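Participant: Fold the following and give me the result.
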Amino acid sequence: MQSFRSEIENPIVEKDIIDLANKIAQFRAGEIHEEKFRSLRLARGVYGQRQQGVQMVRIKLPYGKIKFNQWRRIAAISDEYSTGNLHLTTRQDIQIHFVSLDRTPELWAKLEQDDITLREACGNTVRNITASPTSGIDPLELFDVSAHADTAFRYLLRNPICQEMGRKVKISFSNTDEDTSLAYLHDMGFIPKIQQGIKGFKVVVGGGLGAQPMLAYTAYEFLAENKIIPFMEAVLRVFDRHGERNSRHKARMKFLIQKIGFEAFMDLVNAETKALKNQVVEIPSDGVWEVSIPTKLSSIISDGSEAYQTWLSSNTFEQKQVGYFGVYVRILNGNISSDTSRSIMQALEGYIGDDVRITINQGLLFKFVPQQNLAYVYQVLKDHDLASPGANSVANITACPGTDTCNLAISDSTNITSKLEEVISQDFPELIHDSQMKIKISGCMNACGQHSMASIGFHGSSLKAPDKRVLPALQVLLGGATLGNGEGKIADKVIKVPSKRGPEVLRVVLNNYEENALEGEYFHQYYDRQGEKYFYTLLKPIADLQTLVDDDFIDWGAAESFHTEIGVGECASVIIDLVATLLFESEEKYDWCKGALEDKRWADAIYHAYSVFVSAAKALLLDKSVQVSTQNAVITKFDEQYVQTGDFDLQAESFSALVLQINQHEPSEAFAKAYAQQALSFLETASLFRQSIASN
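Facilitator: Below you'll find the model as predicted:
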């Protein structure tokens, strides 16, 4: 533990990392329950892999922004602690795999030297906040949303309101009505607007992918920019209190809204207003970061080849800053090696801006490239086999890691991607310029590859042959689309086919579209016109299991026959509530409350005190075998089971009235101190009560 203390300058971060090291030691000694430890490490970006004994580490990069020094640091970390591969994700993170659990605190400490965090990259927290990669340089944007995403990230990191929610929350900022960050599929999505000279956003809430994708509801057609973070805080407080906690399959915000109705949900959000930490949060207009403008100009002249012209037209665009261009880079499956990363940086530093963005289709965007340097950048990328055109077209397929590393994956989603891309490049080269259609693939129904919103989507599955053998399969989805301005269309599940026939499916669908679509008709419009039954009939011959061959039983990239091997998912695991553990956690939460009081962080202290009440009450409910699925139910059931029965001397009108003072007061010093004292008294009484039961 002492080995990395000298590497950490921020005392808050140091405490975080030391706490992780201590918890790993306690887990190794059998002092922490495995499920509780899982929750703790997930909130620190450490995720179990399909392969036993090693971890995936997710590095949180708000809105996908990365500077050269940070990219170099991550490459070095991957070499030292992982496999030398960097995996770019659809949430604009970077993941590295096959990391030893015991080395994760040291790894984290080294990342922090370049202001890179793992905190809340996984687990039941606010995940990486995404934003359109072109933010700040897009000629069509009303204003740059990077500062809004950055401010939200810093406001919510380590915020007590979102540390132990029922499940994860995802937030995105699009910079134009085109909605390139898919606001409509997020728990909270923001699209910029200007009204009467005031910057603000259209706000949508309750969208999500997963096995049951749902489109977001419109909360506000316009909300001023200084109100968006208070709104986020109110939504998170509601989700924390009312969100499902036992059944993780029903624990997303979309299911809470589905259960109680959107109007009731918004009533709860509005009821939080008085208790918010801040009624307004101003967004900096500039100065969030400094971009190093290129200082070198290349003398290389374009070779004038067709390949270069195709790359230029499909992978570059002129920025709103005169004389500069953005350059997209296709990265197959989002995988780029540390060696390639360093080589590219060495060649490009000084020739492009020091502001690289990871895109939601697992690629890169270089910014502030002088027009004179475009031919040079192309040559550098070509030398590294990264000059493929069509970075935002149907030819660039998004895929999650699938069975390579994920516990939940059913069948391959990475090896097949290259086969599907070959279909496009060889049979449909003209589609290299089609940026409307999207092809996406996931290893399972949970949609990490975003297949639910794709024009043509696939997710891993399995089928049983007539002879009862199991073979890898793909569920085919069609007709999804991003419609713009926070609206979208979910793809329909059409048919399931053997995985080895995936390229044939793609070929048949695209041929049919090219032959029969009307002039200017987008694929989702064509799909709607023809209908699901039409495409089911079209693809049914490909799904025929009477024509199977031996190769159909071997998944893409595999050498042996397929068999289903699914582990337990961790991305949104819930905590097993053991009585003693909960009471111990309540004491820990009171220590956090006390620390916040000492730092005069009144709102944080109040929320920690609230958590003390809920955690201690839940512990006593478990003693009566009362299972509850929300914090709100904990409060209600404690009144029913303990206060109204006279079993517990509360010395208050009701537990509900005591706890829900949190919504009745502004976060003042006086209320914070009084509420914290009440929480401590309740915890002490609850602990004594438990001891008396245990001794009888």
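Participant: Not counting sequence-adjacent ones, nearest residue to residue 255?
Facilitator: Excluding its sequence neighbours, the residue lying closest to residue 255 (Cβ to Cβ, 6 or more residues apart in numbering) is residue 244, at 6.5 Å. (Each C-beta comes from the backbone N, C-alpha and C, glycine too.)
Participant: just residue 206 next, same as before
Facilitator: residue 257 (4.3 Å).
Participant: Which neighbouring residues are in contact with the one you found, exactly?
Facilitator: By Cβ atoms under 8 Å, 6 or more residues apart in numbering, residue 257 lies in contact with 205, 206, 217, 265.
Participant: which stretches of this protein have low pLDDT?
Facilitator: Within the chain, the segments meeting pLDDT under 70 span 1-8, 286-289, 565-578, 693-696.
Participant: so where's the longest helix in it?
Facilitator: Ordering each helix of the chain by length in residues (DSSP state H) puts helix 669-695 first.
Participant: on that earlier part again, hang on, the residue nearest to residue 206 in a helix?
Facilitator: Yes: under DSSP: H, G, I helix; E, B strand; the rest coil, residue 257 falls within a helix.
Participant: what residues go with each domain of this structure?
Facilitator: For the chain, automatic domain parsing gives the domain ranges 2-112, 130-275, 306-383, 398-553, 579-695.
Participant: between those domains, which one is nearest to residue 299?
Facilitator: Of all the domains of the chain, it is domain 306-383 that lies closest to residue 299, at 8.4 Å by Cβ to Cβ.
Participant: Show me how far that closest one is from its chain's centre.
Facilitator: Domain 306-383 sits 24 Å away from the centroid of its parent chain (Cα atoms, centre = their mean, to the nearest Å).
Participant: One more: stretch 512-528?
Facilitator: Averaged C-alpha coordinates place stretch 512-528 at 32 Å from its chain's average position (Cα atoms, centre = their mean).
Participant: Can you tell me what sits against it?
Facilitator: By Cβ under 8 Å, 6+ apart, stretch 512-528 touches 428, 436-437, 455-456, 478-481, 489, 492, 529-530, 535, 538.
Participant: Please point out which parts of that stretch sit buried.
Facilitator: The neighbour-count check on stretch 512-528 (16 or more other Cβ atoms under 10 Å) flags 512, 513, 517, 522, 523, 524, 525, 526, 527 as buried.
Participant: Mark which of those are part of strands, please.
Facilitator: Assignment to strands by DSSP state E places none of the buried residues of stretch 512-528 there.
Participant: by contact count, what packs against the helix or strand containing residue 57?
Facilitator: Under the criterion of DSSP states H and E, residue 57 resides in strand 55-59. Strand 55-59 is packed against strand 46-48, strand 94-99, helix 104-112, with contacts defined by 3 or more Cβ pairs under 8 Å, 6 or more residues apart in numbering; DSSP states H and E.
Participant: who touches residue 579 in this structure?
Facilitator: Counting by Cβ under 8 Å, 6+ apart, residue 579 touches 619, 620, 622, 623, 690.
Participant: okay if I get those residues as TSV plus neighbour count?
Facilitator: Output for the contacts of residue 579, formatted as TSV (neighbours: other Cβ atoms under 10 Å):
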residue	neighbour count
619	25
620	23
622	17
623	14
690	18
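Participant: can you list the residues you listed in JSON lines and add distance to residue 158?
Facilitator: Output for those, formatted as JSON lines (distance: Cβ to Cβ, whole Å):
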{"residue": "619", "distance to residue 158": "25"}
{"residue": "620", "distance to residue 158": "28"}
{"residue": "622", "distance to residue 158": "28"}
{"residue": "623", "distance to residue 158": "32"}
{"residue": "690", "distance to residue 158": "30"}
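Participant: With secondary structure and distance to residue 109 added, can I get the residues you listed in a markdown table?
Facilitator: Shown next, in a markdown table, are these (DSSP: H, G, I helix; E, B strand; the rest coil; distance: Cβ to Cβ, whole Å):
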| residue | secondary structure | distance to residue 109 |
| --- | --- | --- |
| 619 | helix | 34 |
| 620 | helix | 39 |
| 622 | helix | 37 |
| 623 | helix | 40 |
| 690 | helix | 38 |
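Participant: Report the two of these separated the most.
Facilitator: Maximum pairwise distance among the contacts of residue 579 (Cβ to Cβ): 10.2 Å, between 622 and 690.
Participant: where along the stretch 51-200 of the chain do the strands fall?
Facilitator: Taking DSSP state E, counting those that start in this stretch as the test, the strands found in the stretch 51-200 of the chain are 55-59, 65-66, 85-88, 94-99, 130-131, 171-173, 188-195, 198-205.
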